[in-house]
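A.B. asks: Take a look and give me a structure for this.
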Amino acid sequence: MASTATLGRATNDAPTSEDADIAGLMHAIGQQAQAAAAVLALAPRAAKDKALLAAADAIEARAGAILAANEGDLARARANELAPSFIDRLTLTPERIAGIAGALREVAALEDPVGTVISQWERPNGLSISRVRTPLGVIGVIYESRPNVTADAGALCLKAGNAVILRGGSDSSASSAAIHACLAEGLRVAGLPEAAIQIVPVSDRAAVGEMLTGLSGAIDVIVPRGGKSLVARVQREARVPVFAHLEGLCHLYLDGAADLAMAVEIALNAKMRRTGVCGSAETLLVDRAGAGRLLAPVLDALAAAGCEIRASAEARALYPAAALASEADFDTEYLDAIISVALVDGLDGAIAHIARHSSHHTEAIVTQDAAVAERFLASIDSAILLHNASTQFADGGEFGFGGEIGIATGKMHARGPVGVEQLTSFNYRVRGTGQTRP
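C.D. replies: Presented below is the predicted three-dimensional model:
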């Protein structure tokens, strides 16, 4: 969930002269972004890749300064007693910084989507019609305690020929500013407009409100990435299209035909690899037919790793060490070392439970029965579905996208990890030889 510091003033506060100043600032940022987007739409791949590679070099060269900025953010977060999951997402390490730089290089290595011919055909009258990828324009990204999003969003938008306006949370402001400075250096090296990647320099919530209006038509799409309250506000107030990323209430279903060793390993990874990410499994469903074989070994392994088990009454009868789960537990994204557990009547029971409780983000099945797996994949209405693999693979980098802006749980335009292709639209290009319509 978003912290008070992240979101700023309440929306019902009376307007002030400061609000007017912020409105002017944000509209200037929007105009600059529009001008930069016009340049990027025509920028060759070589220039965009040069900017990304130079930014990656700068991030590695300034790793010490980025870590120092992050320490300041972390100290404030700890003083404000923010949740462990929040602090985990905020934390940068030398390894994570190396990963950020590596992700920029991965994005640079991707094919340029702009100008790609998606399909092409010829009509009987001789008209040649092509559907061609084009940039979306200007993208607004609103996020909380995730400084890596500064680099991911900036890189992906640039590669797709879009300008981006980044509004990170106040809790990660120093870290994000340090990373943004490296992106700006990359743009300078490549001779591209620095306004192609802008970061909002104020933490006041009024800046978010201005972005949600679309900045007088400057912003084409808004991408929220953060707690449920932030996403809900964006969906409620935005006057431009939204790529929504709701909470990751992810399920792992152990079918009666699951391999035990695989079930244990996947459950441990899905829950405990990183508990604060949206792909972390929050609910474990176990087929009643296999519960006697699967339940105790899997829960023993989770408990030994430090996970709190909250089980339904029926599951707790088989595993008394668990706490009794409430109905609310099965609708909770813990983002912590806690998991809800329930027994279900095979695949149909799992499908029904997921339909009632899922946030349509990511669900996984462990089974050696290929037919059961295929029915699971075809029946669940979620953005990402996995067979015999951890839910923690719900990540654009793991999909080969070089990173992601977020994971969209809606069904329009983009769904799942939002990478460079999802950050483009298309137009139709019709070529004739003098045809007129009768």
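A.B. asks: do you know how far residue 324 is from residue 213?
C.D. replies: In this view, residue 324 and residue 213 are 47 Å apart by Cβ to Cβ, to the nearest Å. In this view, the C-beta of every residue, glycine as well, is placed from N, C-alpha and C.
A.B. asks: ok, these two, which is more surrounded?
C.D. replies: More crowded of residue 324 and residue 213, by other Cβ atoms under 10 Å: residue 213, with 18 against 11.
A.B. asks: Which residue, other than its chain neighbours, is closest to the more buried one?
C.D. replies: With Cβ to Cβ, 6 or more residues apart in numbering as the criterion, residue 213 has its nearest non-adjacent residue at 5.5 Å, and that residue is residue 239.
A.B. asks: Next up, the contacts around that neighbour.
C.D. replies: Residues near residue 239 by Cβ atoms under 8 Å, 6 or more residues apart in numbering: 212-214.
A.B. asks: so can I have a markdown table of these showing distance to residue 221, secondary structure and pLDDT?
C.D. replies: Formatted as a markdown table, those follow (distance: Cβ to Cβ, whole Å; DSSP: H, G, I helix; E, B strand; the rest coil; pLDDT from 0 to 100):
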| residue | distance to residue 221 | secondary structure | pLDDT |
| --- | --- | --- | --- |
| 212 | 12 | helix | 95 |
| 213 | 14 | helix | 95 |
| 214 | 10 | coil | 95 |
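A.B. asks: Including distance to residue 347, could these go into a markdown table?
C.D. replies: Below are the contacts of residue 239 laid out as a markdown table (distance: Cβ to Cβ, whole Å):
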| residue | distance to residue 347 |
| --- | --- |
| 212 | 41 |
| 213 | 46 |
| 214 | 44 |
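A.B. asks: quick one: secondary structure of the residue nearest to residue 213?
C.D. replies: coil (DSSP: H, G, I helix; E, B strand; the rest coil).
A.B. asks: What of residue 364?
C.D. replies: strand.
A.B. asks: Please parse this structure into its domains.
C.D. replies: 20-243+418-429, 250-398 (automatic domain parsing).
A.B. asks: and of the ones you listed, who's closest to residue 405?
C.D. replies: Ranking those by proximity to residue 405 (Cβ to Cβ) places domain 20-243+418-429 first, at 4.5 Å.
A.B. asks: Need the three-state assignment for residue 376.
C.D. replies: Per three-state DSSP, residue 376 ends up helix.
A.B. asks: Poorly predicted segments of the stretch 51-200 of the chain, please.
C.D. replies: Residue ranges of the stretch 51-200 of the chain with pLDDT under 70: none are present.
A.B. asks: need the helices for it, in chain order.
C.D. replies: Ranges of helices within the stretch 51-200 of the chain are 63-79, 84-90, 94-109, 147-159, 173-190, based on DSSP state H, counting those that start in this stretch.
A.B. asks: Do a quick rundown of the helices in the stretch 251-400 of the chain.
C.D. replies: Taking DSSP H, counting those that start in this stretch as the test, the helices found in the stretch 251-400 of the chain are 260-272, 291-304, 313-318, 346-357, 370-379.
A.B. asks: pull the CA atoms of the last one into PDB?
C.D. replies: To tie it back to what came earlier, the one meant is helix 370-379. Provided in PDB are the C-alpha atoms of helix 370-379 (Å, rounded to 0.1, in the frame of the first residue of the first chain):
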ATOM      1  CA  ALA A 370      -0.700 -32.700 -19.500                       C
ATOM      2  CA  ALA A 371      -4.400 -32.700 -20.100                       C
ATOM      3  CA  VAL A 372      -5.100 -31.200 -16.700                       C
ATOM      4  CA  ALA A 373      -2.400 -28.500 -17.300                       C
ATOM      5  CA  GLU A 374      -3.900 -27.500 -20.600                       C
ATOM      6  CA  ARG A 375      -7.400 -27.200 -19.200                       C
ATOM      7  CA  PHE A 376      -6.000 -25.000 -16.400                       C
ATOM      8  CA  LEU A 377      -4.200 -22.800 -18.900                       C
ATOM      9  CA  ALA A 378      -7.300 -22.400 -21.000                       C
ATOM     10  CA  SER A 379      -9.800 -21.900 -18.200                       C
END
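A.B. asks: and the angle from that helix to helix 346-357?
C.D. replies: Orientation check (axes from the mean of the first three to the mean of the last three Cα atoms, to 10 degrees): helix 370-379 against helix 346-357 gives 20 degrees.
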